[in-house]
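Colleague: I would like the atomic coordinates for the input below:
(one chain, ligands or ions: 4)
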Amino acid sequence: AKENGKNKAVFCSSELKAAQNRETALSNDLYQAIEQGQLSLHYQPQVDGRTGEIVGLEALARWDHPQLGLISPGVFIPIAEKNGLINELGDWVLREACRQNKAWEMMGLGPMRISVNFSMVQFMAAGIVPRIAAVIQEFDLKPKTLVVEITESINVYDFTQIDQTVQDLKKLGVAISIDDFGTEYSSLDRLKNLPVDEIKIDKRFIDGLPKDVSSIGIIRAIIALAEIFDLELVAEGVETEEQLEFLLAAGCRVIQGYYFYPPLSAEAVGDLLRTIHEQ
Ligand code: C2E
Ligand code: CA
Ligand code: CA
Ligand code: CA
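Modeller: Numbers count the residues shown, from 1 in each chain. Ligands and ions are numbered 1, 2, ... in the order given. A predicted model of the protein is given here:
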């Protein structure tokens, strides 16, 4: 088969069949993954690019498959959305992130601001707000230490319901972040009316820095929007010093990316926070 970029792989039918079989097998295995403790969370620090201070963490799911080893969330999250496990998986992720945050707090290392990804399917599910409220209460966390990350997508659906959920979460006191801002369908009019707290600049724009003219234009526009609507801004996928310098000069201060830290195990984050606290 010939790969022509992300969505253009040309398969012959036997390869297509093999891919479908793999997906079915993974889909079945995912049912046990949660119960058998094969899922874990890594945490990627978000850093004040000027001072190096850690200002937040994004929780990222990992699946350590008993036979296949590590499987990327880019693979298993879409499967979970299809086979209906996303709600259970998402509940586990939220609870684990909050449990860990409380554990760090008890060690004198927190509370941290932790961002948790919510798939749109999960975000649209009935009872999502009370479930989030219950987990915050269970671990006795301040609501504002939780950041709910959602990605708007074109094939959404019921804007009234999304808006209502955002309003309800706002009342609860949690922060709301729009992931991959500008890559799908984010209408400015909706942004004006929605009480979101943060937008994240996607890696695909950062990749174009410091040279690509259209990436630069889009990033400058997003930074201007964040200022107008008084939104926090996070740049994602920052890998080089040139990218960092550009973003700081353009007015984007919070940086997430390999330039500072990759996603780290909870233990590694604990060590890191301890080192910082001891300084
Ligand atoms: P995302 O939310 O946009 O997360 C950022 C992704 O970029 C992560 O990939 C992270 O490891 C990667 N990344 C961060 N900095 C850099 C960098 O400097 N260079 C490069 N090359 N990559 C960088 P990851 O962990 O593989 O996650 C992929 C996607 O899977 C996430 O994209 C998110 O959409 C989804 N995901 C991950 N965990 C969860 C979860 O618990 N629930 C849901 N619903 N989705 C999740
Ligand atoms: Ca995210
Ligand atoms: Ca993103
Ligand atoms: Ca250690």
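Colleague: ok, His277 touching Leu109?
Modeller: Yes - under the criterion of C-beta atoms under 8 Å, His277 makes contact with Leu109 at 6.4 Å. (C-beta placed from N, C-alpha, C; glycine too.)
Colleague: So which of the two has more stuff around it?
Modeller: More crowded of His277 and Leu109, by other C-beta atoms under 10 Å: Leu109, with 18 against 10.
Colleague: how about the more buried one, secondary structure?
Modeller: Secondary structure, DSSP: H, G, I helix; E, B strand; the rest coil: Leu109 is coil.
Colleague: if you skip the residues just before and after it, what's nearest to it?
Modeller: Distances taken as C-beta to C-beta, 6 or more residues apart in numbering place Leu273 nearest to Leu109, at 4.2 Å, with adjacent residues excluded.
Colleague: what's the burial count for that neighbour?
Modeller: So Leu273, with other C-beta under 10 Å, has 19 neighbours.
Colleague: right, and the secondary structure at it would be what?
Modeller: Here Leu273 takes the helix state, with states given by three-state DSSP.
Colleague: contacting residues around it?
Modeller: Contacts for Leu273 (C-beta atoms under 8 Å, 6 or more residues apart in numbering) come out as Ile54, Trp104, Leu109, Gly110, Met112.
Colleague: where's Glu239, which helix or strand?
Modeller: Assignment of secondary structure by DSSP states H and E places Glu239 within no helix or strand.
Colleague: how many neighbours does it have?
Modeller: 15.
Colleague: close enough to count as contact, it and Phe260?
Modeller: No - Glu239 is beyond contact range of Phe260, at 9.8 Å (criterion: C-beta under 8 Å).
Colleague: which sections of the stretch 101-250 of the chain are below the confidence cut-off?
Modeller: 153-157, 185-187 (pLDDT under 70).
Colleague: At which residues are the helices of it located?
Modeller: Assigned by DSSP state H, counting those that start in this stretch, the helices in the stretch 101-250 of the chain fall at 120-123, 128-138, 159-172, 188-193, 203-206, 213-228, 241-250.
Colleague: which helices and strands sit right next to the first one?
Modeller: Judged by 3 or more C-beta pairs under 8 Å, 6 or more residues apart in numbering; DSSP states H and E, helix 120-123 is in contact with helix 86-106, strand 146-150.
Colleague: Counting neighbours, what do you get for Ala19?
Modeller: 13.
Colleague: I'd assumed it was in a helix, is it?
Modeller: Yes - under three-state DSSP, Ala19 sits within a helix.
Colleague: Just the local confidence number for it, please.
Modeller: Note on Ala19: pLDDT of 84.
Colleague: how about the residues of the protein near ligand 3?
Modeller: Proximity of the chain to ligand 3 (C-beta under 5 Å from the ion) is limited to residues Asp179, Asp180, Glu236.
Colleague: restrict those residues to contacts with ligand 1.
Modeller: Counting by C-beta under 6 Å from any ligand atom, Asp179, Asp180, Glu236 from those sit close to ligand 1.
Colleague: For Leu41, find the nearest of the helices of the stretch 101-250 of the chain.
Modeller: helix 128-138 (14.0 Å; C-beta to C-beta).
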